[in-house]
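**Student:** here are the coordinates; sequence isn't available:
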């Protein structure tokens, strides 16, 4: 057993030192009739590294990899090129096998990269400050809503019609549990401005996604203004952070709290996880004190040298227990690091170029799909994702395409459930798509619709 | 002439007529360590004896401040927001938290005077 | 006020001697390289990524172009490598040395797991691809579920929780849903939580809308059964109990606790953070548990990564399984599907809702499964035994010089108090910082809260006897030095780390949470 350093001589010597005669003497507190006398039945015994690799590689071969097909799926998870150096760096032992930086003197690597991460996220979102990350964009959105409720001391929220339905469901589940009220407007394309019509004196925040789940760009300015006039906050959600290299940031449009999915930078699709949730807000003591999760902050050591520590911890569960702002006790550590390194490699120039490349590929895709008879591009504007209406059931079309080894977007019904959007397909293009990919998608879609 | 009272929760009240100034004792401030933040109540708030109405935080702890008697909050020490260290430097002076009315003076009879509090913290 | 006293200084104190000698002109010290912030080494016009020429298109941004500077410094690839490699060298890590953080389970992270999690057939799949194209990934989720159910004896698994605390929330939400289904949500509001519990337990129960009632420990560090009996009643929703508990002790009355809670109409939530001590030795089903989260990043060796990502699948009893959240996995003879909408659920299923956008931490599932397959049923049992043996060996070696919190044997971690430091002028914090100078990561300090100046040591099963002996020798030497009056060794520590003690008071009083904008 290659992960266990003790041998039987060691074990015997150690038991003798402890003063017991067998290992079971150390397990005496387990109720006798609940003890297992031998290894669990129905599970295999230990296996060599070679065997485990063989077995799992065989399972891995049973899927159609995104990289092996023309690929156009988005909907909250995007396929981008991640530079090779990112994965190399995050696998360094000192990053990979460290715990939460509880001892700052020997955790400056993690702490300084978290501080860099927070700074990058604040700049990207156009906000003053950001935390050290949450699980993913959807849970960050739920946390942002709960945070807005504590800040405003109100317990209602309004979800825009263009909010990703899985995000809506995540918010609803979390907020209902705490006794809050969620008003989710009926999903619709191009109807996000309706959120301001239902604001009342109990509304803590409105939650608006930009680009929205259909890829449409939403001008947040008037929504922020209306929310503020009603004493509510604007929670802005972004599922594709690359967009912020090209379109106005939520901070520039008056958002009070930003919740975003950071997977696009530095992180692969990973079948949906782990991802990295971003949370940014205004630099207001009231906001910071109600924020969930960790913060890294700057300070000095006893010799006056600059260093970083986890700070403002009195908000957190390990100190505040049932009065904590959240029960979260991790961040998305390594995914956060991958984000930071990828963003450092891109820099301002690279992020803008990356965003332009995404938009250009999406425009190219939209033009080619719109040329297909019966296909209508629904959006007035978009970044790298948009909705098309098909002359038949989109789920069936996507199945057909996958048989031809094309991963041709997400049927809206997959997100919203059947009924309502059955003929709508949501497609995304990124810098990873080639002319050939787009040609193949258009050609195969045309055939599938015939 | 004001009278100084202490609670078992390590708060002090300086009472003059039906007005009181409230803070935490020098002993408590020392025990807490470096105070990094004080969350103060809203002026105008009516409180019952024992309500938790403020929070004092060090780096690794958060402690509730309870209303020592019933009454209404009439003023708060805003200076603590930018200079929480005042609580450590001068807990029973410039480090006061809030002022309030004393609704029922009989509640004061449950409290300790300085000498009794001195005995209390020795225990 | 509630006197919440911490007992540890958070500002470097007065008798701190300045570091003597070895000051250099560069700020670096031999292999220890000085490294500024990204904002100080990078520049807005630097870039480490090349781009292909763009197709010529008409933009469709609807007048939403971002103008002005964003403020993101960049680096070329060689500069980026150097920056982050240098930063990495300022971290302690399991691969570098013994990391005895009690309650955190810093065991070896096998690299096979990393390799397999990166196979494109797992890592390069979109969560919303047609399910017919992701059967391999769903098969992994099913296999993981099978192992977790077999190890715990439980009836169902919810895979979507993204960390331990998220798993707690999942389990408690299942309990809430079950209580709601019984029509008792308005009356069953109280959750019993031992005072030794992780802070996540009361925080989680509060997020589910419950009120928290603390259970004190008895003299042996376990749940006080008399007080438990007094506190149980028709308004109790659940008990949240960690077992083995955070004092490193098995709750030997666990069956009686489960029975009492069940008789009172409540549910038994077990915090599974310490499953690594008992896997293969007992099944939580046989202990009366209704729900338990499993930290794949503790028990099943997925890396901690400086604070995440984790994964917290929840095993459920028959009483709770119908309330598991969306999405969940269905298996039908080697064909797997995900149920993602209420409309698609089976008749008896009443999911309490959705916890996150997608299906869970796939990357962690692959790693944990690879670990389980490597160990097998026999190896997992051996791992538990070795974890408990290692902890007891340290306890035996240290008990004369340090102060064990409780008599008798422990499970996978040994708890000490600061009694041995009495009158030395050395605190638990000082002692921990002196361990840094000796090349060790400190143990968990000041947790659990039930003993004074707690030191919680968890060596894990992946330490050799030689490693444990060196560690014990060092701690014994330190304890002797403290008792002999060598106070400066402790109060000045660490002297040999990249930085000395940091001013946490300053960080909290005037928070600086990001770099100065250029």
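**Tutor:** Sure thing, it's come through. In this text the structure is predicted, and so the values were computed from the model without any measurement.

**Student:** leaving aside the residues next to it on the chain, what's closest to residue B:46?
**Tutor:** The spatial neighbour of residue B:46 that comes closest, neighbours along the chain excluded (CB to CB, 6 or more residues apart in numbering or on different chains), is residue B:72 at 5.0 Å. Every C-beta, even on glycine, is put in place using the N, C-alpha and C of the backbone.

**Student:** That neighbour: neighbour count?
**Tutor:** Residues contacting residue B:72 under the criterion other CB atoms under 10 Å in any protein chain shown number 14.

**Student:** where does the closest residue to chain B within chain A sit relative to residue B:22, distance-wise?
**Tutor:** Distance from chain B to each residue of chain A (CB to the nearest CB) is smallest for residue A:314, at 4.4 Å. Residue A:314 is 21 Å from residue B:22, where distance means CB to CB, to the nearest Å.

**Student:** Likewise for residue C:433?
**Tutor:** Applying CB to CB, one obtains 38 Å for the distance of residue C:433 from residue B:22.

**Student:** Report the contact partners of residue C:80.
**Tutor:** Applying CB atoms under 8 Å, 6 or more residues apart in numbering or on different chains, one finds that residue C:80 lies in contact with A:85, A:89, A:341, A:344-345, C:48.

**Student:** again, but for residue C:88
**Tutor:** Shown here is residue C:88, whose contacts under the criterion CB under 8 Å, 6+ apart are A:89, A:92, A:94-95, A:109.

**Student:** what do you get if the cut-off is 7 Å, keeping everything else the same?
**Tutor:** By CB atoms under 7 Å, 6 or more residues apart in numbering or on different chains, the residues touching residue C:88 are A:92, A:94-95, A:109.

**Student:** Next: residue A:278.
**Tutor:** By CB under 7 Å, 6+ apart, the contact list for residue A:278 reads A:121, A:130, A:133, A:140, A:259-260, A:262.

**Student:** Surely it forms part of a strand?
**Tutor:** Yes: following the definition DSSP: H, G, I helix; E, B strand; the rest coil, residue A:278 is counted among the residues of a strand.

**Student:** just to revisit the earlier point, pretty sure the residue of chain A closest to chain B contacts residue B:62?
**Tutor:** Yes: Residue A:314 lies in contact with residue B:62 (CB atoms under 7 Å); the separation is 4.4 Å.

**Student:** Please identify every residue contacting each of the two.
**Tutor:** residue A:320.

**Student:** of the two, who's got more company?
**Tutor:** The neighbour comparison of residue A:314 against residue B:62 (other CB under 10 Å) goes to residue A:314, with 26 against 22.

**Student:** Confirm the more buried one sits in a helix?
**Tutor:** Yes: assessed by three-state DSSP, residue A:314 belongs to a helix.

**Student:** which stretches of the stretch 251-400 of chain C form helices?
**Tutor:** Chain-ordered helices for the stretch 251-400 of chain C, with DSSP state H, counting those that start in this stretch as the definition, fall at C:254-263, C:362-398.

**Student:** any idea of the mean pLDDT for the first one?
**Tutor:** When you say that, I think you mean helix C:254-263. When pLDDT is averaged along helix C:254-263, the result is 97.

**Student:** Flag every buried residue along that helix.
**Tutor:** When neighbours are counted by 16 or more other CB atoms under 10 Å in any protein chain shown, the buried residues of helix C:254-263 are found to be C:254-258, C:260-261.
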